[in-house]
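Engineer: What would the 3D arrangement of this be:
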Amino acid sequence: FPIMNLQERVLGVLSCRYVDEVVIGAPWEVSEDMIKTFNISMVAHGTEYESTGGRADYEAAYRVPKDRGIFVEVPSDKSISIDEIIQ
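Structural biologist: Numbers count the residues shown, from 1 in each chain. Down below sits the predicted model:
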């Protein structure tokens, strides 16, 4: 249950200093073609991957940017949950 709608999330991400563009509807797996098409220089993802397909799915989705050396993993803060934020 998202707290913010898609437009609000996109605007939030775009407000980050190092973000140039947000690709809405992007596939889960970051491919070589996607990197070239959008001229992607960096791919970032939080360490919270348990809610997706687990570690194996996470590794497969980011294999190409990791191989190219343009992937950064941002530590996720597990000290607070969405449920706590909503309350």
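
Engineer: nearest spatial neighbour of F71, skipping sequence neighbours?
Structural biologist: P65 (4.0 Å; Cβ to Cβ, 6 or more residues apart in numbering). All C-beta spots, glycine's among them, are computed from the backbone N, C-alpha and C.

Engineer: I'd guessed that neighbour sits against H45; true?
Structural biologist: No - contact between P65 and H45 fails when scored by Cβ atoms under 8 Å: they sit 9.2 Å apart.

Engineer: out of these two, which sits in the more crowded spot?
Structural biologist: It is P65, of P65 and H45, that has more neighbours when counted by other Cβ atoms under 10 Å, with 21 against 17.

Engineer: What residues does the residue nearest to F71 make contact with?
Structural biologist: Counting by Cβ atoms under 8 Å, 6 or more residues apart in numbering, P65 makes contact with V30, I35, I40, V43, F71.

Engineer: Please report which of those has the highest neighbour count.
Structural biologist: Neighbour-wise, these (other Cβ under 10 Å) top out at V30, 23 neighbours.

Engineer: So F71 versus G12, what's the distance?
Structural biologist: Relative to G12, F71 is positioned 22 Å away (Cβ to Cβ, to the nearest Å).

Engineer: ok, back up a step: before we move on, which element is the residue nearest to F71 in?
Structural biologist: helix 63-68 (DSSP states H and E).

Engineer: Okay, buried residues for the helix or strand that that helix is followed by please.
Structural biologist: As assigned by DSSP H and E, the chain's next helix or strand after helix 63-68 is strand 71-74. By neighbour count with 16 or more other Cβ atoms under 10 Å, strand 71-74 contains the buried residues F71.

Engineer: Number the residues from 41 up from this point.
Structural biologist: OK, 41 is where the count begins now, so the last one is strand 111-114.

Engineer: Under the pLDDT cut-off, which ranges of this structure? List them.
Structural biologist: 41-42, 89-94, 121-122, 127 (pLDDT under 70).
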